[in-house]
Each structure stands twice: as C-alpha cells, then as structure tokens.
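Participant: Here is a sequence together with a model predicted from it:
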Amino acid sequence: MSVEPSLNDIISVVGFEPYAVIQYGSRVAGYASQDSDYDYIYIVDGYKPRIRYVYRRAGDIYLSILVVDRVFFEEDIETGVHGEFVAGRLYGVYKPLYNREYVESMEFMLKKRAVLEELSLLKIKYGGFLRYMKIPLKYFLLSRLWKRIMAYPPVRYSYYKMFYGSRGAENFRLALEKFEAACREYMEEGLLSLVDGYVVDVDVSRVPSSPSEVVKYLVRGLSMYYTHGMSASVGIDVFLDELRSKLSRGGESIRIPRELENPEITLSMDRCFFTVEDLDIESIVKSIFGPGARVIAIRRKGLLSSLSLVDVDLDGGVKRLVVKKFPLYSSLLKWIWIFTWLYGYKYFEVDPTRRMFREFHGLFMLRDRGFKVPKVYGVVWPERLIIEEYIEGTRLDKYDDTEDGYLKYGYLIGRIHRELGVSIGDTKPQNVIISGGEPYIVDLEQFGLDTNLEWDLGEAMLYSFILGRRWGEVEQIVKSFLTGYLSACGSCIDVLERILSPRIIIAFAPLVPLNIIYRIRKSIDRLLLSS
C-alpha cells in the first residue's frame, strides 16, 4: 500500500462496519514526515472491547486505528468521563471520512461543553472579574491543549507543529470554527456576548463555580491514563517503533509559544489594562500609558498602608497614581476583627480577592452612573493590585467648610441608595476627598454587599466624632449630612429612623461617648419632626 489508504482499506483492516471514521494527526494537520503514521478514530456500534488500538504496517508506514465503541465515544464527548482520551483529538484538526454530520455534531457538543467548563474555571479563579474580561476564542482552544499537555507531555510536539507550523493559521481557523458556533449558541441563550472574536459580558451568575470543577480535571487526567491503558494491546515491535518515534520528536528543539504555555496571558479587559503576569511598576506604567511613560517617584502612603503613590512623567507632565494592594495577611486581621464584632448585624468581606473585586466593580458602576470616583487604569492579578487615579484634594474629616462638605456627601450617599439600593459599606469621612468642591469616594472594597443602608449613615456620622474629633460640631454635621441625604433620597426617611439602632451604638460605643451619641440622636429627632 504505497498511496494514502482508502476508506475501504481501513474497513478491511478493522473488520467491522463503521458508524463513523475520522482521520486526525500529522497527515491531516500538514506537518507529517515521510514515515509518519496515518491516524484514525474508527467508531463502531456495540464494540465489545470498548476501545482498542489496531496497528497495521503497510509498506513503510503504519496505520494507527483507534477503534472505539460509539457509546464510549459519546460519553467522552458529553462529560469527558474517559479523560477525553478519544474526544480530545477533536480539539485539533481532523477529516471526517465517514458520517461527517455525526462527527461535526460531536465536535460541536465537545466544544460547547469546553467553553462552559473553561468559564467555570475562570470564575473560580477570578470571581466577578470574569464579567469584565475579554476572552479571545483561541483561549478556549489553548487552555484545552495545555491541559492535555500537562496530562500527557508527548502531545506538546504535535500541538506545536499543528498550530505554530507552516499551516498553523489555517489549523487555528478550522479548530476555532466550532468554538465560535458554541459561543454563538450561548449568546442566544443570554450567557455571554461574542464581539470581534472575543467573549465578553459573561453572565457570571449563570456560570457554575463549584470546587468540584477543579477536582474534575485532576480525575480526568487519571482517567486519560486509564483509558490509554485499556486501548493499548499491541505487539512489542509496534511499541518499540512508537517509542523511537516519540523520542526522536522529543529531541527536536522547539520553543513553545508563551500563549500555549500560559493561555491566560491572552485575557484582557476593554476598559482598563489587565495582566496575569508579575510585572514591576515601571512595566505596568508603560503598558498603561505607553513606552514613553517613566516612573519618577514611588512612596508608601503610610508604614502599614496598602496604598502607594506613584508619580509618572508623561511627556513632561507629571501624573500621580494610586496603587492599591489587597494583601492576604496584613489587612486580614483588621477585617476579621470587624467582621466578628459586627457579626449578625453588618456583613463585611474578609477575603482580599473579593474585596479587590468590590473595589473594582464599585468604581466602574458608580463612574458609569456619573458619580465622583477615581478612574481605574489597571489590574495586576498576581500582586492583587488596582491602579487608580489620584484625586487631589482634602479629606472630608479635615475639610474646613463642614456644612458644605457634609451636605454634599449626604447627597452623594442618598443618590447611591436611591439609584442602586445597596450599601457602600465603608463610609467613614476619611474615605471621601473633596476636590473642586465635590466629594469623591475613594474606598469601595466593601461596596454592594447588602442593603443595610442605615449602616452607611451611622458610620459616616459616628466616625466623624471618634476620639474627641469635632464634638463641638455635632448638630451642624448631622443636620447638613442628613439634609443632603434626604434631598437626594426623600423616600429613604425610614432609614433615618434606624440609624442609631442599639447594634450601631454598640459598634461605636468604645470610640464615641454616649453623650455624643445622645446629641446625635436628638439632632436626628429634630430633623425627623421638621420633615
């Protein structure tokens, strides 16, 4: 047999009538050498061994035929229960030799499942950030290839040749067709949007994120080896030939592209810079503002602060940035203490990654609605960093025009409560900068956790009077702040009645004397009577 085998040749070797026949491997993908195998998947109804390799020498070449029972094959397609040992070959390019319609429907089913599984793994790792991500179609392919490489390293060479060889661009196009079709079907179902080859606007609430998704991949890797063992019933001469072939390929010097070694570097965001790589601050700044940007100063805002101020030279002008870090340990004790102290009344997020998302999401949501908040320039995932605009101004707790500052801050909180109906979470005056006469909220890492609106008002006022601060301005601050609040959210008057609940008083009693709390209570009562 000196020419390419025909379908009849393959059928005669196997001896069973096929349900479908698929050719795959180097001969289809365009990187075969003269002595490369001809590789086939041969699907049979009711095949009792379930899966077996059949090898046949034909002149100077081998026919490598993976004979598989149809039910076994479909199980691997639908759930990956057999480690995708057979199904995974459809991630690459192939040629359907028999029953094309069936084969293509199986590829579509496989890739639709793969998209949802990959979104699930991204959600487990990145949480709510997933909804802001731009995910190129090729990410789904690359991620599946990389997982197969991790489970079975010899396929590294094959994938490199298939997708980065002379026919790489065409093979990418063919392999991505069904991924695109799957994403379009998900788009019709409202799970995501597909724009210019990118998956965006993922409905994160509909993406599963159980830890079992991670376990599934560990089990799948073991299942692949088990299935491999089931399929391998060949003679020693064939085994030695295969081994020599793999060793020969493995000795060839190849340089795996970075996107195949770490598919997540292809992820991005439309609205700000995003990276999964551990970059220094100079590289981050250049990525955001261009190669001409230059860091001229970095300083920590305080000894224990998670904020750094970075001055950047941009074509002769200096721009100041805030780099906010969400460390795992240093701020954990603070939030655990607060969480415990207020347990049962007000929930606070402790996990640093989720606090990072709250900050990010709150800044975008509020800015989109016209509220005064810093602009987000970038997210650096490995370091849990958000790079934000620096707001030049004066903190509200140090602002001289008390009446104007608190009136506008109350109005700002009232608008958020009226329009969004969620708690800001950490409303102390230190988190508000008065710039150009307008209040900016600069700390949103507890944003949107619940609808405990009275907490926002209680903290904003009571925190103004801790440790002897502004005790002489109680009536003025309360009146200005709540007047501003009611002018923006007149329907929220019931929230005022709950401001000084016993639980809020207990929360601040160690820092605010009871006589000050009593004066605040009286000021609130007078305002309620006049409303």
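Facilitator: All right, it came through fine. Residues are numbered from 1 along each chain as shown.

Participant: Ranking helices and strands of this protein by mean pLDDT, which lands last?
Facilitator: helix 236-250 (a mean of 50; mean pLDDT, DSSP states H and E).

Participant: next structured bit after that helix?
Facilitator: Next in sequence after helix 236-250, counting helices and strands by DSSP states H and E, comes helix 258-261.

Participant: counting contacts, what elements does that next one pack onto?
Facilitator: helix 137-151, helix 155-164 (3 or more C-beta pairs under 8 Å, 6 or more residues apart in numbering; DSSP states H and E). Glycine gets a C-beta too; all of them are placed from N, C-alpha and C.

Participant: can you list contacts of that helix?
Facilitator: 138, 142, 145-146, 149, 159-160, 163-164, 265-266 (C-beta atoms under 8 Å, 6 or more residues apart in numbering).

Participant: what's the average pLDDT for whatever helix or strand comes next after that helix?
Facilitator: Downstream of helix 258-261, the first helix or strand assigned by DSSP H and E is strand 268-269. Averaged across strand 268-269, the pLDDT comes to 98.

Participant: Check stretch 353-371 too.
Facilitator: Mean predicted confidence for stretch 353-371 is 96.

Participant: Please put the alpha-carbon coordinates of that stretch into CSV.
Facilitator: What follows is stretch 353-371, C-alpha atoms only, in CSV (Å, rounded to 0.1, in the frame of the first residue of the first chain):
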residue,chain,number,x,y,z
THR,A,353,-9.6,38.9,46.3
ARG,A,354,-13.3,39.6,46.7
ARG,A,355,-12.6,42.9,48.4
MET,A,356,-10.4,43.7,45.4
PHE,A,357,-13.4,42.9,43.1
ARG,A,358,-15.8,45.0,45.2
GLU,A,359,-13.5,48.0,44.8
PHE,A,360,-13.1,47.5,41.1
HIS,A,361,-16.8,46.8,40.4
GLY,A,362,-17.9,49.7,42.6
LEU,A,363,-15.6,52.2,40.9
PHE,A,364,-16.9,51.2,37.4
MET,A,365,-20.5,51.0,38.4
LEU,A,366,-20.5,54.4,40.1
ARG,A,367,-18.4,56.1,37.5
ASP,A,368,-20.8,54.8,34.7
ARG,A,369,-23.7,56.5,36.6
GLY,A,370,-21.9,59.8,36.9
PHE,A,371,-20.7,59.6,40.5
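
Participant: quick one: contacts of it?
Facilitator: So stretch 353-371 is contacted by 127-129, 132, 271, 324, 326, 335, 349, 373-376, 379, 384, 386, 388, 412, 415-416, 419-420, 424-425, 441, 443-449 (C-beta under 8 Å, 6+ apart).

Participant: ditto for stretch 398-405
Facilitator: 394, 396, 434, 437, 439, 470, 473, 476-477, 480.

Participant: which one of those residues sits closest to residue 100?
Facilitator: The shortest gap between residue 100 and any of the contacts of stretch 398-405 belongs to residue 439, at 64.6 Å (C-beta to C-beta).

Participant: need the longest helix for the chain.
Facilitator: As assigned by DSSP state H, the longest helix anywhere in the chain is helix 100-126.

Participant: buried ones in that helix?
Facilitator: By neighbour count on 16 or more other C-beta atoms under 10 Å, the buried set for helix 100-126 is 102-104, 106-124, 126.

Participant: So how do I select the buried members of the contacts of helix 258-261 in ChimeraX?
Facilitator: One line in ChimeraX is enough to select the buried members of the contacts of helix 258-261, burial here meaning 16+ other C-beta under 10 Å:
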select :138,142,145,146,149,159,160,163,164,266
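
Participant: Return the item of the contacts of helix 258-261 having minimum pLDDT.
Facilitator: Ranking the contacts of helix 258-261 by pLDDT puts residue 149 at the bottom, with 92.

Participant: Quick one, grab the pLDDT at the residue lying closest to it once chain neighbours are set aside.
Facilitator: Closest residue to residue 149 apart from its sequence neighbours, by C-beta to C-beta, 6 or more residues apart in numbering: residue 156 at 4.9 Å. Here, the pLDDT recorded for residue 156 equals 92.

Participant: Kindly report the same for residue 397.
Facilitator: 91.

Participant: Tell me the confidence at residue 17?
Facilitator: At residue 17, pLDDT is 96.

Participant: try residue 209
Facilitator: 85.

Participant: before we move on, what about residue 233?
Facilitator: Value for residue 233, per-residue pLDDT: 56.

Participant: Which parts of the protein belong to which domain?
Facilitator: 7-269, 271-390, 392-531 (automatic domain parsing).

Participant: first vs last residue of stretch 498-517, how far apart are they?
Facilitator: With C-alpha to C-alpha, to the nearest Å applied, stretch 498-517 spans 14 Å between its terminal residues.

Participant: next one: it to chain centre, how far?
Facilitator: Distance of stretch 498-517 from its chain centroid, counting by C-alpha atoms, centre = their mean, to the nearest Å, is 40 Å.

Participant: about what we covered before: among the contacts of helix 258-261, find me the one that's closest to residue 466.
Facilitator: So of the contacts of helix 258-261, ranked by how close each gets to residue 466 (C-beta to C-beta), first place is residue 265, at 46.1 Å.

Participant: Who are the contact partners of that closest one?
Facilitator: With C-beta under 8 Å, 6+ apart, residue 265 has these contacts: 258-259, 275-277.

Participant: Could you do residue 325 as well?
Facilitator: Applying C-beta under 8 Å, 6+ apart, we find residue 325 in contact with 306-308, 383-385.

Participant: any idea how far residue 132 is from it?
Facilitator: 19 Å (C-beta to C-beta, to the nearest Å).

Participant: Grab the nearest non-local neighbour of residue 328.
Facilitator: Leaving aside its sequence neighbours, residue 328 sits nearest to residue 352 (C-beta to C-beta, 6+ apart; 5.4 Å).

Participant: what's around the one you found, how many residues?
Facilitator: 20 (other C-beta atoms under 10 Å).

Participant: That one and residue 359, how far apart?
Facilitator: Taken as C-beta to C-beta, the span from residue 352 to residue 359 is 10 Å.

Participant: and what of residue 313?
Facilitator: 27 Å.

Participant: Among these two, which residue is more densely surrounded?
Facilitator: Shown here are residue 313 and residue 359; by other C-beta under 10 Å, residue 359 has more neighbours (22 against 16).

Participant: what helix or strand is that one on?
Facilitator: Using DSSP H and E, residue 359 sits in helix 352-368.

Participant: Ok, residue 177 next?
Facilitator: With DSSP H and E as the criterion, residue 177 is inside helix 168-188.

Participant: And that helix, how far out from the chain middle?
Facilitator: That offset, for helix 168-188, works out to 21 Å (C-alpha atoms, centre = their mean).

Participant: so what does it touch, helix or strand wise?
Facilitator: Helix 168-188 sits against helix 100-126, helix 137-151, helix 155-164, strand 193-195, with contacts defined as 3+ C-beta pairs under 8 Å, 6+ apart.

Participant: Tell me where the stretch 1-150 of the chain has helices.
Facilitator: For the stretch 1-150 of the chain, the helices defined by DSSP state H, counting those that start in this stretch occupy 7-14, 26-29, 70-79, 100-126, 137-151.

Participant: Now do residue 142 against residue 180, distance only.
Facilitator: Counting by C-beta to C-beta - residue 142 and residue 180 are separated by 15 Å.

Participant: Point out where the protein drops to low pLDDT.
Facilitator: 1-2, 213-214, 217, 233-253, 303-304, 329-337, 339, 341, 467 (pLDDT under 70).

Participant: before we move on, back to that, just put the contacts of residue 265 in JSON lines and tack on neighbour count and distance to residue 21.
Facilitator: Below are these laid out as JSON lines (neighbours: other C-beta atoms under 10 Å; distance: C-beta to C-beta, whole Å):
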{"residue": "258", "neighbour count": "11", "distance to residue 21": "37"}
{"residue": "259", "neighbour count": "17", "distance to residue 21": "33"}
{"residue": "275", "neighbour count": "21", "distance to residue 21": "45"}
{"residue": "276", "neighbour count": "18", "distance to residue 21": "41"}
{"residue": "277", "neighbour count": "14", "distance to residue 21": "44"}
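
Participant: Going by distance to residue 77, which of these wins?
Facilitator: Closest to residue 77, out of all of the contacts of residue 265 and judged by C-beta to C-beta, is residue 259, at 26.0 Å.
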